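Using only what follows, build the 3D model:
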Amino acid sequence: MLKDFKIGNINIEGGLCLGPMAGVSDLPFRHLCKEMGASLLVTEMVSAKAIYFKNKNTEPLMKIDKGEHPIALQLFGSDPDIIAQMAASIEERDFDIFDFNMGCPVPKIVNNGEGSALMKNPKLVEEILTKLVKSVKKPVTLKIRKGFNDDNINAVEIAKIAEASGVSAVAVHARTREQYYSGKADWSIIKDVKSNLGIPVIGNGDVVDGKSAKEMYEYTGCDGIMIARAARGNPWIFKEIRGYLNGEIIEKPEKDEIVDMILKHCKLQMQYDDEIMAIRKMRKHVAWYTHGMKGSSALRDRVNHVERYDELERLLRSV
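Here you go, the predicted model:
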């Protein structure tokens with residue numbers, strides 16, 4: 001059931017992709033997901049305009065480790081010339097694929113005419129993608145949604161424009177921007193996009209385990225699957241899906257394994273941030289890792305007062 005496919009000349013072994021998540025899919029988290037079986041990693045969103053203005057906060061977002069390949073760097077923006085110029089200016093960095101974001105639903109992004117707002121403007125989409133593809137030698141992929149809202153369902157139209165513009169693969173989140181992440185993902189839109197394109201199509205939305213991954217593959221015919229929110233606090237999901245699709249049952253991690261993973265994650269985080277900043281970044285991850293665990297609510301409250309690694313380890317070992 002697991003499929004290999006190519007994005008340009010880049011082989012995606014097994015077809016399981018980690019979706020980009022702002023404030024989540026940083027280098028330490030990506031490292032763990034890769035270790036657990038993710039086939040393709042994608043960075044957090046990087047603003048083309050921020051690269052242009054040399055924003056100091058942008059540089060850490062573009063940091064890539066040699067063990068992450070294949071990895072896509074995700075750009076967002078709305079100015080075709082700036083996007084193309086900035087892509088060309090960073091192409092020599094150590095990543096394999098450019099991914100362009102047209103799926104982000106966050107008001108700050110949408111109100112700037114970026115992210116999923118672009119789906120309302122197919123002509124601008126064509127200009128952006130044509131200039132981006134022509135400006136770089138690395139393959140370009142696109143992340144879209146079902147549409148902007150229920151009155152504007154145009155994923156197939158946008159995906160066709162992308163293919164005609166030279167884009168090498170399209171990932172489809174099967175919800176509208178209006179839905180954000182609520183409600184049921186409409187996998188039929190992934191199926192429609194797949195049946196209309198000759199390039200690989202990656203399905204995204206409501207894949208939470210091996211069973212749902214198998215169902216998406218079978219229903220949509222997609223080439224790959226992108227997992228985002230279901231990986232928060234659960235990098236094991238890639239291992240679990242791989243096992244399920246190969247006919248194996250991978251047991252869910254026990255408490256001690258979860259604690260070990262949290263501490264490993266924290267140590268990785270401390271390689272890129274000072275200890276206090278790393279611990280603060282880990283607070284949300286601890287909440288995700290321990291969700292559903294007995295006493296997790298009280299634990300999360302106590303973690304929010306921890307400032308040092310040894311404090312975190314003592315706390316987690318004591319529960």
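
Can you name the residues in contact with stretch 123-139?
Residues outside stretch 123-139 that contact it (Cβ atoms under 8 Å, 6 or more residues apart in numbering): 7-10, 75, 77-78, 80-81, 83-85, 87-88, 91, 95-98, 100, 102, 118-119, 140, 142, 158, 161-162, 164-169. Backbone N, C-alpha and C define where each C-beta goes, glycine included.

Same question for stretch 251-261.
Residues outside stretch 251-261 that contact it (Cβ under 8 Å, 6+ apart) are 32, 235-236, 240, 289-290, 293, 316-317, 319.

Of the contacts of stretch 123-139, which belong to helices?
In helices, defined here by DSSP state H, the members of the contacts of stretch 123-139 are 80-81, 83-85, 87-88, 158, 161-162, 164.

With distance to residue 37, pLDDT and neighbour count as extra columns, can I get these in TSV?
Shown next, in TSV, are those (distance: Cβ to Cβ, whole Å; pLDDT from 0 to 100; neighbours: other Cβ atoms under 10 Å):
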residue	distance to residue 37	pLDDT	neighbour count
80	37	98	19
81	39	98	12
83	32	98	26
84	34	98	22
85	36	98	16
87	29	98	23
88	33	98	14
158	30	98	24
161	33	98	19
162	28	98	28
164	34	98	11
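
Contact partners for residue 177?
Applying Cβ under 8 Å, 6+ apart to residue 177 gives the contacts 105, 110, 115-117, 119, 145, 147-149.

7 Å - rerun?
Residues counted as contacts of residue 177 (Cβ atoms under 7 Å, 6 or more residues apart in numbering) are 105, 110, 116, 145, 148-149.

From residue 20, how far out is the closest residue to it other than its chain neighbours?
Excluding its sequence neighbours, the residue lying closest to residue 177 (Cβ to Cβ, 6 or more residues apart in numbering) is residue 116, at 3.9 Å. Using Cβ to Cβ, to the nearest Å, one gets 14 Å for the distance from residue 116 to residue 20.

for residue 252, same thing?
For residue 252 relative to residue 20 (Cβ to Cβ), the value is 25 Å.

higher neighbour count, these two?
Higher neighbour count among residue 252 and residue 20: residue 20, with 26 against 10, using other Cβ atoms under 10 Å.

separation between the nearest residue to the more buried one once chain neighbours are set aside and residue 30?
Distance criterion Cβ to Cβ, 6+ apart; nearest residue to residue 20, sequence neighbours excluded, is residue 42 at 4.3 Å. Distance from residue 42 to residue 30, counting by Cβ to Cβ: 8 Å.

Give me the common contacts of those two.
Counting by Cβ under 7 Å, 6+ apart, the residues touching both residue 42 and residue 30 are residue 18.

on that earlier part again, which single one of the ones in helices among the contacts of stretch 123-139 is nearest to residue 277?
Relative to residue 277, the closest of these is residue 87; by Cβ to Cβ it sits at 29.8 Å.

Surely that closest one and residue 100 touch.
No: between residue 87 and residue 100 there is no contact under Cβ atoms under 7 Å: 8.8 Å.

Now do the shared contacts for these two.
Common contact partners of residue 87 and residue 100 (Cβ under 7 Å, 6+ apart): 75, 132.
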